[in-house]
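Undergrad: coords please:
(chains A and B)
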Amino acid sequence: MKNKLFLLVCLLAFVLVAVTPALAQDKIQIKMWIAFTDNRLDWTKDKAARFGELFPQYEVIVEGYPNYEQLFSATALAAGNDALPSIVQYFEVATQNARDSGYFKSIADAIGDRTEINGVAVALDDIIDPTTAYYTLDGKFTSMPWNTSSSIMFSNMNILKAAGVDTPPATWAEMEAVCEKVMALDNAPEYCFTWPNHGWFFEQWLAQQNQEYANNGNGRDARATSVNIASDAAVALLTWLKDMSNKGYLYYSGARDGASWGTVDQAFQSQQVAMAIYSSSDTALYTETGKQNGYEVVASFLPYNQDAEGGWTGNLIGGASLWLVDELAPEVEEGALTWLLWFNNTENAAEWHQVTGYLPIRKSSVELLNTPDWYAAIEAMGPSTVWLNNTLVQESKGKVWFEANPNFRVASDQLANSKITPATRGAILGNFPAIRSIVTTAIDTVLLTPDANIPEILAKAQENANASLTQYNTLVQRALGQQ
Amino acid sequence: MSATTPVLITTLAALIGAGLMALTFQRMARPAGVGAVVGALGGALGAQVFMLPLEYCTFASAKTIDHVIGLALVGVGMALLLWPANWIVERLRGGWRGLLIGDTQAGAFRGWLTPALLLAPTLIILLLFLYYPSLDTLWLSTRSSILGIPGTFGVCVDNFTALLNDASYLKALGNTAFITVAVVVFSMALALLIATAAYQPIKGARIYRTLLIWPYAISPVVAGVIFLLMFNPTGGIINYLLRQVGISGIRWLNDPTFAPWVVIFASVWKSLGFNILFYIAGLQNIPKDLLEAASIDGANAIQRFFRVTFPLLSPITFFLLITNTTYAVFETFGTIDYLTPGGGPLQSTETLMYRVYRVGIQNNDLGNGAAQSIILFLMVIALTVIQFRSTGRRVNYGA
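TA: Next comes the predicted model:
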């Protein structure tokens, strides 16, 4: 009897497996690969499910990868086997590579002059200025912006206040003064502050000093052919970092690039440092963790070089955008565009901001969050469980979001105050991920070598970076025939 | 390069091949003329093995090093054809059947079909997942190729020669030698010591033997995480304990002096169980009468160990030497990546294996990464040959 039952179950399972794809084939499938595996993936999947309810003709299938680098490799390999999905998330520094690869279609071209697709408004002029400035190339959007962040600083106010400091420092010099007080405390933390040794911060600090990273208008007037990473602005930055490290203020974990983020989380959350320079992408996490563990977290602008000529110019964005794969079937492309626009509509962009800390990338989302009506609007759009379970969101119901959660407006304010120049728009160049790792290696050398000759180390890094860029440009020119 | 260079090289290769094979044939009492023809053919074709795909580019270069590499490749190509040719000719001495059947030992298959069928699954898998990718890597190592850009172009042997002037590559080479030797020596010595102690017949031996072997079952990544938490400079338990005795602020993972030792420590801990397992098995196989005889002859414990036990363990030691070296060179990757991602402070824990990953995958430079993995491949072949030749002879397998 048991055997027969088992056989029956097997048969049933087999039939189900055989029939399910057939049923699903009625729907047009849109596959999207993103570089998240945490609650950001859950959020995206919830949104995809909601989209399926609103547009029953489509089915959005989201697949998560552990980080940008691995997703990038997976995409390149899939392209070789004609197995690309419909939409891929590429990090901002892979923008040049995405354009050169030929895997993708410009979304401006795909949209054409339509103002709505399947009833979803296009309204790309509603995207906030710094994001538009970064992602428009030749005057058009080539990819759909999604997760946009800026680099900010989180301070453990319990420690700062104990040291008699009420507001987080704004400049490098103030940073040093605050650290002196913090480290003089009887129960001082092990270090005063830390930061991820990730190329993005080097780029931020260069932009603040209005120093372009690459030639040809930061690679935006024409293809960049050389980098300026040994400039005075870079020397000033490394001199400051080295000084802070020598004084025992700066904690450098030794981890570089993608691996560096986790070491900062660990040091700040275990309260071994008073301040952490970080990305606004995790504002929700940092604020909440502080709350749960009984310390107050305040976000502030990324400290700048008070001695730079012209003072503070501004900061650039970071994050990633969504690329539409080229040569999709017309109905799939239509569905992918509908999804991209709906996914980044006013309410969804506001919701995404609240559960992570990434910028609300629509001006209309910012307006919505400046009113107490945001809760009802997001609820009507069909929120994700991630949002419904978020304590900050639930506690702020009925209040103006930005007033109830000032940490969440810091990144927006920082970018809104930035002057848009070629330097703060951010560099576009080939082989950028590899060049970033050359930069972080140089910083590693400076911080760990006693009596490091900073200009010399940076000059050597610049030489290596230029060689890497030339290799890329030569390959693109010779193998793809592009200029 | 003039148009005559390929002709010149091929002629030279044919002449050398003819000479070598003629001598070999003469030694085997066969017509030297036939040998010369086989040799000339093998030599001429062998020269093309690498040179045709490379379009003789090494001889077109202005750099002397390229010419040297070119000549070496011609030599290797010739060997690739002449060696089998020589082997076949030797086999043919026993007639055509000798070629296919080989040694007629007891228990050998009589036909060739059954063994071929039995070997087929393994061979097909090797072909698909090992030989083909290896050849592809070899091809890639002569190209300029960046992940994410569909297209490549030939750069001759530049990916290889670039490594010679790359100080950071030579540093990684040094790191690999240091970490490998340290891991192999410490892990095996410690394992032998513990196995000797754990082998004693004491109550509960099974339980604590199991506990000793247990770390082996943990994946390198998990081992990495455990040590990362322990040695974390801020909030790690090691620094906490050290603070209790007045030592503070050791930056285990971001100080170039300490970081490689943490990697070595974690790797030794990880591989220890495996080595203990084999040493206990080896100790159990040592005949008691030999040790008793040595006792009666008046040998003390230390003498018995070094004169009887240790020599009898030599097959195990030899086996472990090879597996541990392979482990230290290739499988410490996960541990390194978790403890010191990016290759550690001042590149102090970047081994050759880790560097291939960092250059090829993280920095997307596939051509350069492929060249490095080819060099790594050659090193492993060399290491294996050396180990078999030197240690192999002194191994006592008993009778």
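Undergrad: Please identify which helix or strand holds the nearest residue to B:Ile361 once chain neighbours are set aside.
TA: Spatially, and ignoring its direct neighbours in sequence, B:Ile361 is nearest to A:Ser73 (6.1 Å; CB to CB, 6 or more residues apart in numbering or on different chains). Where C-beta positions appear, they are placed from N, C-alpha and C, glycine not excepted. For A:Ser73, the enclosing helix or strand under DSSP states H and E is helix A:68-80.
Undergrad: So which elements touch that helix?
TA: In terms of contacts (3 or more CB pairs under 8 Å, 6 or more residues apart in numbering or on different chains; DSSP states H and E), helix A:68-80 is packed against strand A:28-34, strand A:87-91, helix A:95-101.
Undergrad: One more pass at 10 Å, please.
TA: strand A:28-34, strand A:58-64, strand A:87-91, helix A:95-101, strand A:318-325, helix A:432-448 (3 or more CB pairs under 10 Å, 6 or more residues apart in numbering or on different chains; DSSP states H and E).
Undergrad: check contacts around whichever residue of the stretch 1-150 of chain A sits closest to chain B.
TA: For the stretch 1-150 of chain A, the residue positioned closest to chain B under CB to the nearest CB is A:Ala76, at a distance of 4.4 Å. For A:Ala76, the residues meeting the contact criterion (CB atoms under 10 Å, 6 or more residues apart in numbering or on different chains) are A:84, A:97, A:101, A:103, B:146-150, B:364, B:366.
Undergrad: top helix in chain A by residue count?
TA: In terms of residue count, the longest helix belonging to chain A (DSSP state H) is helix A:454-480.
Undergrad: Could I get the average pLDDT for that helix?
TA: Rounded to a whole number, the mean pLDDT of helix A:454-480 is 95.
Undergrad: hmm, it touching chain B?
TA: Yes - contact between helix A:454-480 and chain B, assessed by CB under 10 Å from any CB of the partner chain, occurs at A:464, A:467-468, A:471-472, A:474-480.
Undergrad: neighbour-wise, which of those leads?
TA: A:Tyr472 (26 neighbours; other CB atoms under 10 Å in any protein chain shown).
Undergrad: what about the stretch 201-350 of chain A, any weak spots by pLDDT?
TA: Counting by pLDDT under 70, the stretch 201-350 of chain A has no low-confidence residues at all.
Undergrad: Just the helices from it, written as ranges.
TA: In the stretch 201-350 of chain A, the segments counted as helices under DSSP state H, counting those that start in this stretch are A:215-219, A:232-246, A:260-269, A:283-292, A:330-343, A:346-356.
Undergrad: The stretch 151-300 of chain B too?
TA: Applying DSSP H, counting those that start in this stretch to the stretch 151-300 of chain B gives helices spanning B:158-164, B:167-198, B:205-213, B:220-231, B:237-244, B:259-284, B:288-296.
Undergrad: Just name the most buried of those.
TA: Mean neighbour counts were taken over the helices of the stretch 151-300 of chain B using mean count of other CB atoms under 10 Å in any protein chain shown, and the top value, a mean of 22, falls to helix B:259-284.
Undergrad: which one is A:Gly217 nearest to, not counting chain neighbours?
TA: Once flanking residues are discounted, A:Gly217 sits nearest to A:Pro422: 4.7 Å by CB to CB, 6+ apart.
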